[in-house]
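Visitor: Predicted model, plus sequence, below.
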Amino acid sequence: MEYKIKTIGVLTSGGDAPGMNAAIRAVVRAAISNDMKVKAIYRGYKGLMDDEVQEFTTQDVSGIIQRGGTILKSARSEEFRTPEGRKRAYDTIQKEQIDALIVIGGDGSFTGARLLAQEYNIPVIGIPGTIDNDLWGTDSTIGYDTALNTIMECVDKLRDTGTSHERLFLVEVMGRDAGFLTLNAAIAAGAEAAIIPEKATVAEQLEAAIGHGRRKHKNSSIVLVQEHAIEGGAQAVAKVIEKEHPEYGTRVTILGHLQRGGSPTAFDRILASRLGCAAIQALLDEQRSIMVGLQNGEVVYVPLSNAIKYKKNIKDDKWQALQVLSI
Ligand code: F6P
């Protein structure tokens with residue numbers, strides 16, 4: 001018997017990311033143009049458990065492509081991690097007659113999606129949405145490019161005051177366990193150094209940071225510190241430096257959640273639009289438990305299990321570029 005998907009559910013989960021709205025828009029419009037109904041689920045898995053569901057038309061996603069955040073709201077749900085929570089989610093899926101679920105989020109969201117798919121045999125497609133870019137199987141996640149540009153612009157501004165006052169600025173950057181945002185923003189903003197979890201020890205990176213950043217001809221410098229590279233983040237690094245070099249006039253800026261906001265870049269809008277359409281195409285191609293991603297400019301289907309299991313590597317040439325260019 002032919003199995004036809006008549007109704008899809010879509011939700012955003014985990015940390016929001018600019019471009020999530022563009023992805024929702026693409027999913028809704030691609031689904032409707034393929035004669036599917038769309039049930040929008042609010043507040044991620046929490047809303048799925050609580051049946052916070054509304055049918056969407058194409059008009060419901062008008063005028064959102066340029067907006068940051070997610071119109072569906074997002075949440076991190078502890079309860080969904082439990083079998084009882086997922087049972088409640090499945091009850092809603094049955095009640096709402098949802099045949100397949102599209103989850104826009106990061107690897108925590110995909111882990112939950114995969115468990116739900118395994119336990120209740122429901123087709124699930126993941127769309128990578130996180131500023132961290134830490135998902136294996138896609139060159140870029142939705143929101144990463146926008147966050148990178150935001151960080152770069154902030155560092156450019158800090159450079160102005162840092163140079164005027166001849167200070168050392170430590171800028172703390174998000175990324176969860178990954179250093180993609182930190183390293184690439186450091187290259188883009190011409191920072192003197194970056195401290196990331198993937199490379200060397202923090203002590204070694206710190207030494208290099210001080211050595212590179214405070215040469216005789218450079219009285220100011222900027223070092224980007226990944227939030228979890230060292231316990232205590234940039235503040236902890238500052239303590240060490242202040243003790244050894246009080247003359248540096250060290251200042252700390254924690255960029256925090258402003259890195260998650262803002263209107264998505266053209267790159268993120270296009271990526272989100274392509275991946276949203278690809279998620280519907282994947283369902284038409286009878287794919288299940290996959291993530292749609294982008295590799296070398298092409299849309300690909302990646303098993304959700306691989307996207308979760310494997311670790312995406314920092315490119316060595318980028319790390320080397322930062323060292324070479326920051327002399
Ligand atoms: O995963 C996105 C992210 O912004 C990480 O970079 C950061 O570590 C985390 O979320 C912060 O989470 P919350 O918004 O729950 O504080």
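Guide: Yes, it's here.
Visitor: Please, which helix or strand holds the residue of the stretch 1-150 of the chain found nearest the ligand?
Guide: Using C-beta to the nearest ligand atom, G15 is the residue of the stretch 1-150 of the chain that sits closest to the ligand, at 3.2 Å. For every residue, glycine as well, the C-beta is placed using N, CA and C. For G15, there is no host helix or strand (DSSP states H and E).
Visitor: just checking, A278 touches I290?
Guide: No. Using C-beta atoms under 8 Å, A278 is not in contact with I290, being 10.0 Å away.
Visitor: Name the residues of this structure found near the ligand, please.
Guide: G15, G106, T130, I131, D132, M174, G175, R176, E227, R260 (C-beta under 6 Å from any ligand atom).
Visitor: Mind doing that once more with 5 Å?
Guide: For the chain, the residues in contact with the ligand (C-beta under 5 Å from any ligand atom) are G15, D132, M174, R176.
Visitor: What's the local residue count around the last one?
Guide: Meaning R176. 18 (other C-beta atoms under 10 Å).
Visitor: Below-threshold pLDDT in the chain: ranges please.
Guide: Residue ranges of the chain with pLDDT under 70: 1-3, 211-217.
Visitor: From the centroid of it, which residue is nearest?
Guide: For the chain, the residue nearest the mean C-alpha position is T130 (1.5 Å; C-alpha atoms, centre = their mean).
Visitor: Contact partners for that residue?
Guide: Neighbouring residues of T130 by C-beta atoms under 8 Å, 6 or more residues apart in numbering: G14, G15, A17, G105, G106, D107, T141, I142, G143, Y144.
Visitor: do you know how far it is from A17?
Guide: 5 Å (C-beta to C-beta, to the nearest Å).
Visitor: Now the common contact residues for those two.
Guide: Common neighbours of T130 and A17 (C-beta under 8 Å, 6+ apart) are T141, I142, G143, Y144.
Visitor: quick one on the thing from earlier: next up, phi/psi of the residue nearest to the centre of the chain, please.
Guide: Backbone torsions of T130, given as degrees, to the nearest 10, read phi -170, psi 140.
Visitor: How about it: what's its closest non-neighbour residue?
Guide: With sequence-adjacent residues excluded and distances taken as C-beta to C-beta, 6 or more residues apart in numbering, T130 is closest to G106, at 3.6 Å.
Visitor: Just to check, that neighbour is in contact with G14?
Guide: Yes. With contact defined as C-beta under 8 Å, G106 counts as touching G14 (4.7 Å).
Visitor: Give the residues shared as contacts by the two.
Guide: Common neighbours of G106 and G14, using C-beta under 8 Å, 6+ apart, are G129, T130.
Visitor: Give me the buried stretch members for whichever helix in the chain runs longest, please.
Guide: What stands out as the longest helix in the chain, according to DSSP state H, is helix 144-165. Buried residues in helix 144-165, defined by neighbour count with 16 or more other C-beta atoms under 10 Å: 144-152, 154-155, 158-159, 162.
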